[in-house]
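Chemist: this is a predicted model, with the sequence first.
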Amino acid sequence: MPPQKYITHARSSQKTEFSMTAVEEKFSLTEVLSSFKACLEKENQDVLMDYYISGWKGLVRFMNSLGAIFSFVSKDAVSKIQIMEAFRKSSSGDQYRSLQSMVAYELKAKLVDLNKRAEHSNSGCRTILRLHRALRWLQLFLEKLRTSTENSKTSVLCTEAYNDSLANYHPWIIRKTAMVSFYALPARNTFFEVMNVGSIEDVVTMLGEAMPYVSQVYDITQQLYAQHNLLDLP
Ligand SMILES: CCCCCCCCCCCCC/C=C/[C@@H](O)[C@H](COP(=O)(O)O)NC(=O)CCCCCCCCCCCCCCC
C-alpha cells in the first residue's frame, strides 16, 4: 500500500450533524472517503454503522453541491440514512453498532421481511442493502474517474458505472430518470475541482489511497449478506 498522504483516520474529526438546507462550508471528498476507512474495526473487520452513515451523509452533501437535479437521488439516500439513524437512536441502538451485529440481531428477532415487504418493510438489513448497492456504483464511478483522460465525459463514466451496478435493481422509470440526470453532471475538470482536494494529480493520488477502503467495506458487506442469503431482500 502507498504511503498515506491524504487519508487519515476520521474518527476524531467526524461531523455528525446533518442538514440539507444549511449553508454548507467547503469540504473535501478526502474526509468523506476517510469515513469508510474509519468504518473498519481493527480487531475483527466489523463495519461500524456510525462511520458508514457518516460516509453516506458526506456523499449526499457532495451530491447536493452538484445541483438540484440530483435531489430525487439525494432524497432517497437521506430517507435511508434517517431510517438507520432512527434504529441507532432507538432502545435497541446497541444492536446496530455494526452491520454484522445488525444482521445477527434482526435475523434472530425476525425483524426482516425476507420474501415480500410486509410488517418489517424498512428493516435495517434491506435499507443497508440499498446503500450497499449504491456503494458499488460509487466504487465503479470513482475508479473510472480516477483512470479517465482529459477527453472522458463524466456522463458516460457515470452511465457505465450505473449500468453495471444499480441499474440492475431499478425499474424502467427510475433508470430513465437517472440516465437523463447524468447529462447534467459537470465536466471532468469541474468534477475534480468540486472534490476540493487539489490538482487533478492530487485527486488521482487521493482516490488511489482511499478507494481500497471503500472496496474493503463493500466486499465485507457483500460477503456478510451472501452468507445470510440477504442479497435479494425485497
Ligand atoms: C454524482 C451524481 C450522482 C449520481 C447518482 C447515481 C445513482 C443514481 C441512482 C438513482 C436512484 C434514484 C432514486 C430512487 C431510488 C430507489 O428507488 C432505490 C430503491 O429503494 P427502495 O427499494 O426503497 O424503493 N434506491 C436506491 O437504489 C438507493 C439509491 C441511493 C443513491 C445514492 C447515490 C449517492 C451518490 C453519491 C454521489 C457522490 C458523488 C461524489 C463524487 C464526487
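Modeler: On my side now, so go ahead.

Chemist: contact partners of the lowest-mean-pLDDT helix or strand in the chain?
Modeler: Of all helical and strand segments in the chain, the minimum by mean pLDDT, DSSP states H and E falls on helix 188-194, at a mean of 91. Contact partners of helix 188-194, identified using Cβ atoms under 8 Å, 6 or more residues apart in numbering, comprise 62, 65-66, 145, 148, 150, 152-154, 185-186, 200, 203. (Glycine included, C-beta is placed from N, CA and C.)

Chemist: nearest to the ligand, of those?
Modeler: Set against the ligand, the nearest of these by Cβ to the nearest ligand atom is F62 (4.3 Å).

Chemist: give the contact list for that closest one.
Modeler: For F62, the contact set (Cβ under 8 Å, 6+ apart) comprises 29, 32, 194-195.

Chemist: tell me the helices and strands packed up against the next helix-or-strand element following the least confident helix or strand of the chain.
Modeler: Later in the chain than helix 188-194, the nearest helix or strand by DSSP states H and E is helix 200-227. The criterion is 3 or more Cβ pairs under 8 Å, 6 or more residues apart in numbering; DSSP states H and E, and the helices and strands that helix 200-227 contacts are helix 29-38, helix 99-108, helix 124-146, helix 188-194.

Chemist: re earlier: okay, among the contacts of F62, which ones form the most distant pair?
Modeler: V32 and V194 (11.9 Å; Cβ to Cβ).

Chemist: out of these two, which sits in the more crowded spot?
Modeler: With neighbours defined as other Cβ atoms under 10 Å, V32 and V194 compare such that V32 has more, 21 against 15.

Chemist: which one of the contacts of F62 sits closest to N229?
Modeler: Minimum distance to N229 across the contacts of F62 is 31.4 Å, recorded for V32 (Cβ to Cβ).

Chemist: please name the nearest non-neighbouring residue to that closest one.
Modeler: G58 (3.2 Å; Cβ to Cβ, 6 or more residues apart in numbering).

Chemist: name the nearest residue to L157, sequence neighbours excluded.
Modeler: K144 (4.2 Å).

Chemist: per-residue confidence for the one you found?
Modeler: Looking at K144, its pLDDT stands at 97.

Chemist: who are the contact partners of it?
Modeler: 152, 157, 160-161.

Chemist: got a markdown table for these, with pLDDT and distance to F70 too?
Modeler: Shown next, in a markdown table, are the contacts of K144 (pLDDT from 0 to 100; distance: Cβ to Cβ, whole Å):
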| residue | pLDDT | distance to F70 |
| --- | --- | --- |
| S152 | 97 | 20 |
| L157 | 98 | 16 |
| E160 | 98 | 18 |
| A161 | 98 | 15 |
